[in-house]
Each structure stands twice: as structure tokens, then as C-alpha cells.
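Engineer: Structure, please.
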Amino acid sequence: MRFAYYDRLPAASKRIYDKSDAMERIDLPDAATLRPFVAPLEAALKAENRTEAGRLCSAIATGIASQLGAPPLRVTVLAVRPSDDWGELHGLYLPEDDGETAVIKLWMRTAKNQRVVAFRSFLRTLLHELCHHLDYELYKLEETFHTEGFYKRESSLFHQLVPKESVIPA
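Structural biologist: Numbers count the residues shown, from 1 in each chain. Now for the predicted structure:
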């Protein structure tokens, strides 16, 4: 299924979109080595410990990138989400530029009530932004689109890190 904006894309972008959409999984060579960071990340969020959440997010993202052979990146966890009339920004991927390492920015508190973001949403946001990194750096896509395949890749990472039997209810 193609998203509605597909029809407005130029031909070159449609080819990139189609390539992205066709990739539905990211198989980690050793997801088990990254799972020990997941429960402590949930605990860090519950404890409202931004520094520890950042450390754990960095370990997860760096571990995934390393296992897949993608270049390293930095992860920064910030406090309250930026917001405007368009909504709240959950995460942001800043690609490598002029030799500067790529960066993922995550916000751990909602804008409206400044509550800590739910664990599953937070981890999915990290993985979402990491998928942008992988699109550029591993799959060498010239653009990174929110395709159905993109969301399936994000989910495949999530389910490798948080197996179904340990998924926490939303």
C-alpha cells in the first residue's frame, strides 16, 4: 500500500520510496546482546532519569548500528518535546553532515503536561529515528520516506528487542 503523498513525488523519489517500501525487516545478528538495555531503559524513564535514559538509548542505537555495519551515531535525550500548531516533536534525526556524526534527538516529556513518555512509545521513537539513519547509511537511500516498509522495519527491530512475551501493555 502506498501512502497518499506518493502520487506527488517525482519519478526519482518514487523509485526510492518503492525500494524503501519493499524492505520489511531488519534482522539483527545478535538481538539478545541488546535486550539487557531494554528493561533498564524502562526503569530510567519511570525514575525520570534523563541521563541514564540517554546512556541506554545510545547503547541500543550504537549496538544496532554496529551489528548491521552502519556508521556510528550519537543519541541525545532532551527534556520537554518542542511543540507548535503542528503538534509535538517526538524525535529528530540529523544525518551526518560535513564529517559530523549523525545525531538522534529524543524528548522524554510530553509538551502539554510534561509527563514522561510511555516506555514503548519512547523506544519506538528511538527505533524510528534509527531507521532513518539506516536508510541513509546502510541502505544508501538518497531520501528516507515514511513508507509501510519503513514502519515494518521499525516494528521488526522493536520485536527483536522486546519479544512478545515481555511486551508491556500500552
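Engineer: what are the pairing partners of the worst-scoring helix or strand of the chain on mean pLDDT, and which direction each?
Structural biologist: Lowest on mean pLDDT, DSSP states H and E among the helices and strands of the chain sits strand 83-84, with a mean of 80. Strand 83-84 has its sheet partners listed here by DSSP bridges as strand 87-88 (antiparallel).
Engineer: what's the distance between the strand it pairs with and the middle of its chain?
Structural biologist: Centroid separation for strand 87-88 versus its chain: 17 Å, with CA atoms, centre = their mean, to the nearest Å.
Engineer: after that strand, next one along is what?
Structural biologist: Counting by DSSP states H and E, the next helix or strand C-terminal to strand 87-88 is strand 91-94.
Engineer: C-alpha coordinates for stretch 83-102, PDB please?
Structural biologist: Output of stretch 83-102 as PDB, limited to C-alpha atoms (Å, rounded to 0.1, in the frame of the first residue of the first chain):
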ATOM      1  CA  SER A  83       5.500  21.800  20.000                       C
ATOM      2  CA  ASP A  84       3.600  24.200  17.900                       C
ATOM      3  CA  ASP A  85       0.300  24.200  16.000                       C
ATOM      4  CA  TRP A  86       1.600  21.200  14.000                       C
ATOM      5  CA  GLY A  87       1.800  19.100  17.200                       C
ATOM      6  CA  GLU A  88       4.700  17.700  19.300                       C
ATOM      7  CA  LEU A  89       8.100  16.600  18.000                       C
ATOM      8  CA  HIS A  90       8.800  13.100  19.400                       C
ATOM      9  CA  GLY A  91      12.200  12.600  17.900                       C
ATOM     10  CA  LEU A  92      14.500  14.000  15.200                       C
ATOM     11  CA  TYR A  93      17.200  12.500  13.100                       C
ATOM     12  CA  LEU A  94      20.000  14.800  11.900                       C
ATOM     13  CA  PRO A  95      22.100  13.000   9.200                       C
ATOM     14  CA  GLU A  96      25.900  13.100   9.000                       C
ATOM     15  CA  ASP A  97      26.900  16.400   7.600                       C
ATOM     16  CA  ASP A  98      30.400  17.600   6.600                       C
ATOM     17  CA  GLY A  99      32.100  14.900   8.700                       C
ATOM     18  CA  GLU A 100      29.900  15.500  11.700                       C
ATOM     19  CA  THR A 101      28.400  12.300  13.200                       C
ATOM     20  CA  ALA A 102      24.700  11.800  12.700                       C
END
